[in-house]
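Colleague: missing the sequence, but the structure's below:
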Ligand SMILES: CC(C)(COP(=O)([O-])OP(=O)([O-])OC[C@H]1O[C@@H](n2cnc3c(N)ncnc32)[C@H](O)[C@@H]1OP(=O)([O-])[O-])[C@@H](O)C(=O)NCCC(=O)NCCSC(=O)C[C@@](C)(O)CC(=O)[O-]
């Protein structure tokens with residue numbers, strides 16, 4: 001069943017939040033990971049990637065236990081050619097029950113394309129769309145050719161149509177820390193734009209550290225400002241790992257009460273409008289980092305798909321780190337590079353060492 005979140009309901013939630021400031025530390029230990037690798041991870045790749053490969057990536061991620069996957073985008077093929085085949089990708093998805101597939105849309109024209117596709121398919125390949133804007137006019141212009149105010153005015157009817165069609169709508173605010181075109185960002189802009197997206201009817205706003213410039217201190221400063229108006233349960237963190245601070249930023253956001261984080265398997269990605277920024281934090285690194293104890297036991301002990309001592313502190317659902325590590329290596333190999341996931345590499349190196357030890361032991365028999 002597709003859930004819809006009427007704009008009125010969100011607006012009243014927001015009014016409630018204004019009256020009752022959010023508690024700093026949420027108590028739930030359930031963490032949701034949205035893998036944006038098939039979209040954010042691949043959109044900047046210079047060489048065309050076949051829809052069958054993208055669909056295989058999505059299918060593997062779902063089989064690895066991820067329950068939220070951003071499968072692609074319906075955007076201008078002139079500006080982001082890599083996403084041109086998203087309709088075909090969606091036709092090749094093998095849906096895994098209870099898995100939420102979504103796509104990005106910037107304007108009514110592209111939402112109409114999505115709705116046309118959905119009207120001809122049962123069950124629908126996606127249940128959610130994401131709209132996006134920015135905390136600076138300079139980035140909004142570079143990314144979507146309009147200012148923030150123009151983009152919000154353009155998105156309001158898009159969100160209404162999507163909700164009317166029974167889709168969930170997620171919002172993104174880019175460049176929450178620094179903008180590649182206009183420098184340091186005023187956290188009050190992040191707060192105001194996030195509030196507008198929620199008032200339109202987005203069920204959640206993902207805060208994008210697009211350049212990966214964030215540190216725990218700067219992320220905390222933004223969250224403190226945003227949380228003046230918005231319940232943190234309506235926020236997600238989207239941290240690029242350009243400076244190696246993404247996991248520390250996630251921990252900061254977790255302490256602050258956020259429970260949803262975007263990540264890319266293998267650390268894929270980079271935004272076409274953020275020169276030099278690297279991929280999102282690797283999904284494998286987030287999963288490893290949020291486990292209660294090491295995946296590994298004493299030296300020589302075999303792998304376990306669950307932590308060796310206590311259960312995970314954070315409940316990540318049925319997600320499998322070994323499978324994610326294999327997927328990160330597989331897709332990175334297709335792109336002609338190594339996975340950038342530290343946890344993925346560590347898992348694969350240890351597995352290889354154990355394979356060699358087993359081979360030696362076999363040879364001795
Ligand atoms: C929004 C649309 C659909 C509007 O594109 P459009 O529908 O073609 O707009 P238009 O009808 O207003 O176009 C008028 C003219 O502006 C041009 N134009 C159009 N766009 C641009 C542009 N960007 N820069 C410069 N010029 C542009 C366009 O080409 C045309 O010129 P003409 O062809 O007639 O000579 C288009 O700009 C687009 O598809 N942009 C791509 C957006 C995108 O996919 N960005 C990456 C995803 S967002 C992201 O990665 C961030 C996120 C979500 O991951 C979070 C984070 O990390 O921050």
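Modeller: Thanks, I have the structure now. Keep in mind that what you see is a predicted model, and the values were worked out from it rather than measured. Numbering: from 1, shown residues only.
Colleague: what does the chain have sitting close to the ligand?
Modeller: 40, 43, 73, 75-76, 78-80, 104, 106-107, 132, 143-145, 172, 174, 208, 210, 238, 271-272 (CB under 6 Å from any ligand atom). C-beta: built from backbone N, CA, C; applies to glycine.
Colleague: residue 44 contacts residue 82, correct?
Modeller: Yes - the pair residue 44 / residue 82 is scored as a contact, 7.0 Å apart, by CB atoms under 8 Å.
Colleague: the helices in this structure, which residues?
Modeller: 7-19, 51-63, 86-91, 108-119, 137-144, 148-164, 187-200, 216-226, 246-256, 283-290, 321-334, 342-364 (DSSP state H).
Colleague: now these as CSV including mean pLDDT and mean neighbour count?
Modeller: Formatted as CSV, the helices of the chain follow (pLDDT from 0 to 100; neighbours: other CB atoms under 10 Å):
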stretch, mean pLDDT, mean neighbour count
helix 7-19, 38, 14
helix 51-63, 98, 21
helix 86-91, 97, 20
helix 108-119, 96, 16
helix 137-144, 98, 22
helix 148-164, 98, 19
helix 187-200, 98, 22
helix 216-226, 98, 19
helix 246-256, 96, 21
helix 283-290, 93, 26
helix 321-334, 96, 22
helix 342-364, 91, 13
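Colleague: one step back: of the residues of the chain next to the ligand, buried ones?
Modeller: By neighbour count, with 16 or more other CB atoms under 10 Å, those hold 40, 43, 73, 75-76, 80, 104, 106-107, 132, 143-144, 172, 174, 208, 210, 238, 271-272 as buried.
Colleague: with neighbour numbers in mind, choose between residue 44 and residue 82.
Modeller: residue 82 (21 against 17; other CB atoms under 10 Å).
Colleague: measure that one to residue 56 for me?
Modeller: To residue 56, residue 82 is 16 Å away according to CB to CB, to the nearest Å.
Colleague: got it, and residue 140?
Modeller: 34 Å.
Colleague: so residue 206 touches residue 237, yeah?
Modeller: Yes - judged on CB under 8 Å, residue 206 makes contact with residue 237 at a distance of 7.3 Å.
Colleague: what's the closest non-adjacent residue to the most centrally placed residue in the chain?
Modeller: Nearest to the mean C-alpha position of the chain, by CA atoms, centre = their mean, lies residue 262 at 2.6 Å. Distance criterion CB to CB, 6 or more residues apart in numbering; nearest residue to residue 262, sequence neighbours excluded, is residue 238 at 4.1 Å.
Colleague: and that neighbour, bridged to which residues?
Modeller: residue 208, residue 262 (DSSP bridges).
Colleague: re earlier: just the residues of the chain next to the ligand: which are in strands?
Modeller: 73, 104, 132, 172, 174, 208, 238 (DSSP state E).
Colleague: can you lay out these as TSV showing distance to residue 120?
Modeller: Formatted as TSV, those follow (distance: CB to CB, whole Å):
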residue	distance to residue 120
73	20
104	21
132	26
172	28
174	32
208	32
238	31
